[in-house]
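Q: here is my input; please provide its structure:
(one chain, ligands or ions: 3)
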Amino acid sequence: MACRHRSSTTTLARLAKPARLTPRLSTQPQVQSQVASAVRCFSSSRPRQLKETRCQQGKFTSETYPELKRDPRYGQVTKEHVDYFKGLLGTESAVIDGVTNENATDDIEPFNSDWMRKYRGHCRLVLKPSSTEEVSKILKYCNDNKLAVVPQGGNTGLVGGSVPVFDEIVLNMGRMNNIIEFDEVSGILTVEAGAILEVVDQFLASKGYIFPLDLGAKGSCHIGGNLSTNAGGLRLLRYGSLHGTTLGIEAVLPDGTVVDDLCKLRKNNTGYDIKQLFIGSEGTIGVITKAVIQCPQRPKAQNVALFGLESYEAAQQAFREAKGHLSEILSAFELMDAGSQALVRQVTKKNSPLEGEYPFYCLIETSGSNSDHDGEKLQTFLEDVMEKGIVVDGTLAQDETQVKALWSWREGITEALGHLGGVYKYDVSIPLPEMYQLVEDTKARVEEAGLLGDTDEHPVRAVVGYGHMGDSNLHLNVSTRRFDERVEKVLEPFVYEWISKRQGSISAEHGLGLAKKKYIGYSRTPTMVGLMKQLKDLYDPNAILNPYKYI
Ligand code: FAD
Ligand code: MLT
Ligand code: ZN
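A: Ligands and ions are numbered 1, 2, ... in the order given. Next up is the predicted model:
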């Protein structure tokens, strides 16, 4: 990895105006790293490692929400069904059978429990197909026998969509993980749904390309899961939504029909764009088996800076300035509040990259092709926001290690929260001027209810906010010592009503899953929900796919 160190002298002289800023920046000369490979190589085992230390799996979803009842339309999985699947899939490892083998419970548990340890199902059969044809035969059989199925990718979803509620069969896509084709001229990638995002991105890095999505769970989540949730992530600001970068999809409908729309064209206006329905449908109308993605050129130069700010108003001003100064090279603009950073410090025991503590922090990333050009632009931006007093303190990464270290203060929040106990997560879109007010109002409400405190009798440890400010996407998180229904009652529907009043969205990027199924009306009109139900009935008339969720 080549690193070109810029002289710090010029930078310091020019940035020296606001006294409070100078000492901090003087210790971290501005440096531009030439980045040709993955700059944020998070370990592929990272999300899973912390699983071991996160809160113990507790109640079944059916106990937490007793109003949920198993739908009697669905058949029970029998030995005969299991024999069919074993005959179809052949290898031992493709079928985890807890129906005829009571000792398989431990092997099935990871497929029954979600990443947050909030949702837990009663599944007794996990199937792992290795081809589209196998997916098709499994679904046809399940449809004929009215067996309910939960499609599952890397199981990193945060809304309870990827695990069963009752005894649904888990259809895990992990064995369909091949990179099928990559065109080095156009950057068009064809990949199987079960491929892990980080693995795909590393492959693309070796070709000078990048996957147009990046997120903290990249070491575990699958491309199929990303498409099914329409994941947004850290660089949507730059590369846009998967609705734009996905050129083609192959999916299997509940009756076994294979929908082959593996189009490799950027332009194709022949009729309805059916593939868009599978993006963000969370496994409710079909199982995605392959995808064609338009991948951008990997940026050659990448810079990351972390700033401390005194107010949310200042964070908004910084965002506006960043767009003005950095426009085409700005690739991420992320917000973190003091509470979220305190939790990361508490869990990682690391010192903050800034000396002081601030109410808000912003992380900015630039990605471009010309180091000198990008460096000058960033420098001018920094001078400007410091001179105007918008940014109080800041640090710039000077090599790849520092780039990763700065990003870890943003990406590490989710894991830190998970590590500390239960967390109630609200992933929402709100017009920027009011975005952070939701955190303050929620905190006040939880305090008023007497649920927030430093001692064990208080279920809530902290109410924090962070997120993709560049996309008006806030992550409101209520960190608890344990899941507690009193907390949920105080938060819901309060949070959704608050968002609805401001014409926000109750799900910005994580989806609806089980968590938000009953609240969809806060963001969608009855007409829209009615159309969605019609689509569901059309594609999945027996409702075998991902029941109890979405709509
Ligand atoms: P799963 O969790 O297995 O499944 C998610 C949903 O998709 C389920 O409803 C499932 O039934 C369905 N599904 C999965 N595969 C298929 C398929 N092949 N066909 C049909 N349906 C399928 N999300 C963001 O949007 N942005 C972030 O920045 C972000 N950061 C995260 C950071 C961490 C640490 C964690 C744990 C999660 C984060 N997430 C984020 C949430 C999650 O990683 C994404 O939703 C991801 O896209 C889910 O992919 P997965 O393979 O794990 O899918
Ligand atoms: C993130 O942006 O970090 C993810 O969406 C996960 C989360 O909301 O915690
Ligand atoms: Zn996010």
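
Q: surely Ile412 meets Val344?
A: You called it Ile, but residue 412 is Gly. Yes: when contacts are counted by C-beta atoms under 8 Å, Gly412 is listed as touching Val344 (5.0 Å). Bear in mind the C-beta positions are built from the backbone N, C-alpha and C, glycine included.

Q: can you name the residue of the stretch 151-300 of the chain nearest ligand 2?
A: Going by C-beta to the nearest ligand atom, ligand 2 is nearest to Gly216 of the stretch 151-300 of the chain, at 5.2 Å.

Q: got a pLDDT number for that residue?
A: On pLDDT, Gly216 comes in at 97.

Q: and it, that one's in a helix?
A: No: looking at Gly216 with DSSP: H, G, I helix; E, B strand; the rest coil, it is coil, so not inside a helix.

Q: what about it, neighbour count?
A: For Gly216, the count of nearby residues is 22 (other C-beta atoms under 10 Å).

Q: could you do the one 4 residues further on as well?
A: The number of residues packed near Ser220 is 21, by other C-beta under 10 Å.

Q: from Gly375, how far out is it?
A: To Gly375, Ser220 is 35 Å away according to C-beta to C-beta, to the nearest Å.

Q: again with Ala314
A: Applying C-beta to C-beta, the value for Ala314 to Gly375 is 24 Å.

Q: what do you get for Ser241?
A: Here Ser241 is placed at a distance of 30 Å from Gly375 (C-beta to C-beta).

Q: point out where the stretch 451-551 of the chain drops to low pLDDT.
A: Applying pLDDT under 70 to the stretch 451-551 of the chain picks out no residues at all.

Q: cool, the chain as well?
A: Ranges of the chain meeting pLDDT under 70: 1-57.

Q: interface residues of it facing ligand 1?
A: Proximity of the chain to ligand 1, by C-beta under 6 Å from any ligand atom, involves residues 47, 115, 150-158, 161-162, 173, 193, 215-217, 221-222, 224-226, 228-229, 231-234, 282-283, 287-288, 414-415, 509-510, 513, 546.

Q: ok, Gly121 - contacts?
A: Residues counted as contacts of Gly121 (C-beta atoms under 8 Å, 6 or more residues apart in numbering) are Phe60, Thr61, Asn112, Ser113, Val150, Val163, Pro164, Val165, Phe166, Asp167, Glu168.

Q: residue boundaries of the helices in the stretch 51-200 of the chain?
A: Counting by DSSP state H, counting those that start in this stretch, the segments of the stretch 51-200 of the chain that form helices are 61-64, 79-89, 105-112, 132-144, 197-206.

Q: using a markdown table, lay out the ones you listed together with mean neighbour count and distance to Arg320.
A: Converted to a markdown table, the helices of the stretch 51-200 of the chain look like this (neighbours: other C-beta atoms under 10 Å; distance: least, C-beta to C-beta, whole Å):
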| stretch | mean neighbour count | distance to Arg320 |
| --- | --- | --- |
| helix 61-64 | 16 | 43 |
| helix 79-89 | 15 | 55 |
| helix 105-112 | 16 | 45 |
| helix 132-144 | 20 | 47 |
| helix 197-206 | 20 | 31 |
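
Q: with distance to Thr395 as new columns, can these be given to me in CSV?
A: Converted to CSV, the helices of the stretch 51-200 of the chain look like this (distance: least, C-beta to C-beta, whole Å):
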stretch, distance to Thr395
helix 61-64, 43
helix 79-89, 52
helix 105-112, 39
helix 132-144, 48
helix 197-206, 26
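
Q: tell me which of the ones you listed lies nearest to Tyr539.
A: Among the helices of the stretch 51-200 of the chain, helix 132-144 comes nearest to Tyr539, with 11.3 Å by C-beta to C-beta.
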